[in-house]
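Asker: Test case, fold it:
(one chain, ligands or ions: 1)
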Amino acid sequence: MAGVLLWVVCPKGNATALLSLIPRSGKHKRCRVHQKVKFSTGVSAISSAVANPARSSEEKVYDVVLKQAALVKEQRGKQTLDLGTRTETDGFTDWDLLNEAYDRCGEVCAEYAKTFYLGTLLMTPERRRAVWAIYVWCRRTDELVDGPNASHITPRALDRWEKRLDDLFEGRPYDMLDAALSDTVSKYPVDIQPFKDMIEGMRLDLRKSRYMNFDELYLYCYYVAGTVGLMSVPVMGIAPESKASVESVYNAALALGIANQLTNILRDVGEDARRGRIYLPQDELARFGLSDDDIFRGQVTDKWRNFMKDQIKRARMFFDEAEKGVSELNAASRWPVWASLLLYRQILDAIEENDYNNFSKRAYVGKVKKFASLPVAYGRALMGTSKLF
Ligand SMILES: CC(C)=CCC/C(C)=C/CC/C(C)=C/CC/C(C)=C/COP(=O)(O)OP(=O)(O)O
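Answerer: Numbering: from 1, shown residues only. Okay, the predicted model is just below:
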């Protein structure tokens, strides 16, 4: 996921430091999305599900959204989370060791996602370290297929990673980083499904290098990035004063993951093609008179520009959908989310500024723009709820 939240301003150069921590391997791409109902999002999936018995990826993913929302609602019904009262006899044994594990997660987050890390410092200490633990697990999972050992990764290795996940959810962590997550999932209404789905995304990436249509791509994006949004909401928390439905907040979180992944895909078209991978809907390429060969050739033509305009428009629609939900989060969680959203969204502007040459020019947001976004994000975070209900 790279970046789960994490992802924010994660200087690429820091990647190596993480490696020591993480089992590595192949290379995959995280998210992109959509089509069917033109520029649809999860919300529209409900009505289309009724009309169409053959369920789309969005409809299937929306079932997961509903399940996650139900868990949070159940938790909201209870008083407050009982945090910080663990003793040395329950669950994971040693309190000091657990604190050390969380600190290590924080270090990893600080190393790989600096801006996001800074934002987490505004959260309550309990939420902050829970976010770090989730971040680190996603990072490690991503590294399985995206790190230096990626070429050695097999479906069996992913099965073992999933078994480890089951164990940590049952309070049997394998190592200290798992122990931090194990503790987090015992305290917050975090469900295992999005974690399993992220592993499924890694499996998909091992066996698939083409996506026939947006529906297939959407599912991939959900697996590798939408899941991060679903994992984050229970920890970030919904503002007590929010009048939005829990489902709509989850839907916005899902949309942010999808938007980020689509952006990531559009930015990395050339890099992916050099690895033989095309994370763009084949039917949409054909509709614009483009084929795989055009991607491998890497010439920016008018056909390509028109295709890209359409793809960027879709990614922005997912960002728009996500923006509606940020102000429903707990006040202290909004700033890091806004900051990362604004920064990632600007990558789309950078692709335009590069005249759609995403074959040989990497779109990036310069330091000045990055820093200029931070006060904007802060200002938006101060604004209250609610555009969602
Ligand atoms: C909007 C609401 C209600 C909640 C927020 C919910 C959250 C935190 C959603 C974020 C989901 C997320 C961060 C998905 C990961 C997306 C992604 C493509 C990360 C890319 O990570 P890297 O591959 O490290 O990125 P770079 O290649 O740009 O370094």
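Asker: Check the closest residue to residue 269 other than its chain neighbours and give its pLDDT.
Answerer: Excluding its sequence neighbours, the residue lying closest to residue 269 (CB to CB, 6 or more residues apart in numbering) is residue 358, at 4.4 Å. In short, each C-beta sits where N, CA and C put it, glycine included. Note on residue 358: pLDDT of 98.
Asker: tell me the contacts of residue 358?
Answerer: 266, 267, 268, 269, 270, 308, 351 (CB atoms under 8 Å, 6 or more residues apart in numbering).
Asker: Quick one, which of those are buried?
Answerer: 266, 267, 268, 269, 270, 308, 351 (16 or more other CB atoms under 10 Å).
Asker: what about the fourth one, distance to residue 322?
Answerer: Residue 269 is 22 Å from residue 322, where distance means CB to CB, to the nearest Å.
Asker: now the last one
Answerer: Using CB to CB, we find residue 351 at a distance of 18 Å from residue 322.
Asker: In the stretch 51-200 of the chain, which residue sits nearest the ligand?
Answerer: residue 142 (6.9 Å; CB to the nearest ligand atom).
Asker: tell me which element that residue falls in.
Answerer: helix 125-146 (DSSP states H and E).
Asker: which strands and helices sit next to that helix?
Answerer: Counting contacts by 3 or more CB pairs under 8 Å, 6 or more residues apart in numbering; DSSP states H and E, helix 125-146 packs against helix 15-19, helix 95-112, helix 114-120, helix 155-169, helix 176-187, helix 193-207, helix 227-236.
Asker: so how far is that helix off the chain centroid?
Answerer: In terms of CA atoms, centre = their mean, to the nearest Å, the centre of helix 125-146 is set 11 Å apart from its chain centre.
Asker: okay, the angle between that helix and helix 155-169?
Answerer: Put simply, helix 125-146 runs at 170 degrees to helix 155-169, going by axes from the mean of the first three to the mean of the last three CA atoms, to 10 degrees.
Asker: any idea how far the closest residue in space to residue 253 that isn't next to it in sequence is from the ligand?
Answerer: Taking CB to CB, 6+ apart, and ignoring the residues beside it in sequence, residue 253 has residue 229 as its nearest neighbour in space, at 3.3 Å. Separation of residue 229 from the ligand (CB to the nearest ligand atom, to the nearest Å): 4 Å.
Asker: Can you list the low-confidence ranges for the stretch 151-300 of the chain?
Answerer: Residue ranges of the stretch 151-300 of the chain with pLDDT under 70: none are present.
Asker: how about the residues of it near the ligand?
Answerer: 225, 228-229, 232-233, 249, 252-253, 256-257, 260-261, 264 (CB under 6 Å from any ligand atom).
Asker: what's the farthest-apart pair in those residues?
Answerer: The most widely separated members of those, counting by CB to CB, are 249 and 264 (23.0 Å).
Asker: ok, the residue positioned nearest the centre of the chain to residue 135 distance?
Answerer: Nearest to the geometric centre of the chain sits residue 225, at 3.1 Å (CA atoms, centre = their mean). Per CB to CB, residue 225 is found 13 Å from residue 135.
Asker: cool, and residue 286?
Answerer: Residue 286 is 38 Å from residue 135, by CB to CB.
Asker: Show me which of those two is the more surrounded one.
Answerer: residue 135 (30 against 10; other CB atoms under 10 Å).
Asker: Would you check that that one makes contact with residue 104?
Answerer: No: contact criterion CB atoms under 8 Å: residue 135 and residue 104 do not qualify, at 11.8 Å.
Asker: Neighbour count: residue 249 and residue 264, which is higher?
Answerer: When residue 249 and residue 264 are compared for neighbours, residue 249 comes out ahead with 30 against 25, by other CB under 10 Å.
Asker: helix or strand for the more buried one, which one?
Answerer: helix 246-267.
Asker: do residue 347 as well
Answerer: According to DSSP H and E, residue 347 maps onto helix 331-353.
Asker: so what secondary structure elements neighbour that helix?
Answerer: So helix 331-353, by 3+ CB pairs under 8 Å, 6+ apart, packs with helix 114-120, helix 246-267, helix 302-326, helix 367-382.
Asker: chain center to it, what's the gap?
Answerer: The answer for helix 331-353 is 13 Å, by CA atoms, centre = their mean.
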